[in-house]
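Q: Pasting the sequence and the predicted coordinates here, then a few questions.
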Amino acid sequence: MSNIGFIGLGIMGNPMCRNLLKAGHKVVVYDVVPALIDRVTEYGASRGGSSREVAEQSDIVITMLPDGPEVEQAIHGPGGVFEGARPGSTVIDMSSISPLVAQNVGAACAAKGLRFLDAPVSGGEPKAIEGSLAIMVGGDEAVFHEMAPVLQAMGSSVTLTGPVGAGNVTKLANQIVVACNIAAMGEALVLATRAGLDPNVVFNAIKGGLAGSTVLNAKAPMVIARNFKPGFRIRLHQKDLRNALLAADSMKVGLPLTSTVQQMLMTLMNQGKGDLDHSAIVMFIEEMAGIEVKAPPAATEKP
Ligand code: NAD
């Protein structure tokens, strides 16, 4: 069992910490919001006063923060991990950040004698609670194998995909597939509704064929029920696609579909919809068509 420090106790960090505690690890935690620390100390974690204090008491420090700037601040900002960590300790960043930032943080850790993995996750809050996240890891193979049991306390699939930064490249690939799928689903359901069809019937007709997907099964019912409670927020997905475009630009790769969906997400954020579930991408397409996806009156009227 390990002495683990955990920084960032939001939607994902809280249940991930609980699963580390359940697996028998000793966990010391920190978040800039004190009330979020209270919620995890109730389950047996001990309280750290800063990222530095967390690092002083840990052999492994895990961060689960919104984006790269927060990760850099927690690791090498004032009162950060670098001020408290002992050489030979391991830092695992599980946030979804730019692969370029992950590589910079990895190099800074190496210069301090610390080991580093980038290990973002997929699966959202339900899988974080179940401990069945998909965890995609970048870093040194020996460090990966040593840390795998710790990661397995939070995830059911833990995969090394390459050197530092590869975890986040893999996560961006995941986010591109999900975002473009949701946008395509939105166009399909708007077209079907405008044609006078029941979108639920269309969904059921296509879900078993080649168009079927986990995304379609999860998100089409939400759109048809007009349930946009997150889930995964528009603003976080916009951040991921922005990071994908920045990484692609640095490698001279064009991502035309990702770029279009990123613009849709930014427009929705500017309309005050940043905290809706990402299935609300359909609203962008609905506005262009002047129509809302819903069953036609005949399908909802009682005989
Ligand atoms: P969140 O906003 O709920 O949690 C982030 C936490 O970090 C907050 O509690 C915040 O107070 C804390 N924080 C911010 N700056 C800090 C600092 N400098 N020091 C200490 N604490 C700080 O976000 P989340 O939904 O838990 O997501 C975390 C990461 O996981 C993001 O990168 C997100 O893209 C990714 N992710 C989220 C989901 C999801 O469904 N929510 C799924 C997969 C991946």
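A: Received it, and whenever you're ready, just let me know what you need.

Q: Buried residues in stretch 148-159, which are they?
A: Along stretch 148-159, these residues count as buried under the neighbour rule (16 or more other CB atoms under 10 Å): V150, L151, A153, M154, G155, V158, T159. C-beta coordinates here come from the backbone N, C-alpha and C atoms, glycine included.

Q: just stretch 10-19 next, same as before
A: Buried residues in stretch 10-19 (16+ other CB under 10 Å): M12, G13, N14, P15, M16, C17, R18, N19.

Q: what residues does that stretch touch?
A: Applying CB atoms under 8 Å, 6 or more residues apart in numbering, the contact partners of stretch 10-19 are 6-7, 9, 27, 29, 31, 36, 39-40, 43, 45, 62, 64, 66, 94, 121, 124-125, 128-129, 131, 133, 153-154.

Q: can you list the residues of the chain near the ligand?
A: With CB under 6 Å from any ligand atom as the criterion, the chain meets the ligand at residues 7-13, 30-33, 36, 51, 64-67, 70, 73-74, 95-96, 121-122, 124-125, 232, 236.

Q: what about 5 Å?
A: 8, 10-12, 31-33, 65-66, 70, 73-74, 95-96, 124, 232, 236 (CB under 5 Å from any ligand atom).

Q: What subset of those is buried?
A: Listed as buried from the residues of the chain next to the ligand are G8, M12, D31, L65, E70, A74, S95, S96, F232, L236; burial here means 16+ other CB under 10 Å.

Q: Near Q57, how many other residues are there?
A: Residues lying near Q57 (other CB atoms under 10 Å) number 16.

Q: For it, which residues are in contact?
A: Contacts of Q57 (CB under 8 Å, 6+ apart): N3, G5, V28, S46, G48.

Q: And the furthest pair within those?
A: The span of these, defined through CB to CB, is set by N3 and G48 at 11.8 Å.

Q: Name the residues contacting each of the two.
A: V28, Q57.

Q: who has more neighbours, the two?
A: Of the pair N3 and G48, G48 is the one with more neighbours under other CB under 10 Å, namely 23 against 14.

Q: Let me know whether the more buried one touches T41 as I believe.
A: No. G48 lies out of contact with T41 (CB atoms under 8 Å); the separation is 10.1 Å.

Q: any common contacting residues for these two?
A: Shared contacts of G48 and T41, counting by CB under 8 Å, 6+ apart, come down to V29.

Q: one step back: just send the buried residues of stretch 10-19 back as JSON lines, with secondary structure, distance to L216 and pLDDT too.
A: Shown next, in JSON lines, are the buried residues of stretch 10-19 (DSSP: H, G, I helix; E, B strand; the rest coil; distance: CB to CB, whole Å; pLDDT from 0 to 100):
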{"residue": "M12", "secondary structure": "coil", "distance to L216": "24", "pLDDT": "95"}
{"residue": "G13", "secondary structure": "helix", "distance to L216": "29", "pLDDT": "97"}
{"residue": "N14", "secondary structure": "helix", "distance to L216": "29", "pLDDT": "97"}
{"residue": "P15", "secondary structure": "helix", "distance to L216": "26", "pLDDT": "97"}
{"residue": "M16", "secondary structure": "helix", "distance to L216": "28", "pLDDT": "98"}
{"residue": "C17", "secondary structure": "helix", "distance to L216": "32", "pLDDT": "98"}
{"residue": "R18", "secondary structure": "helix", "distance to L216": "31", "pLDDT": "98"}
{"residue": "N19", "secondary structure": "helix", "distance to L216": "29", "pLDDT": "98"}
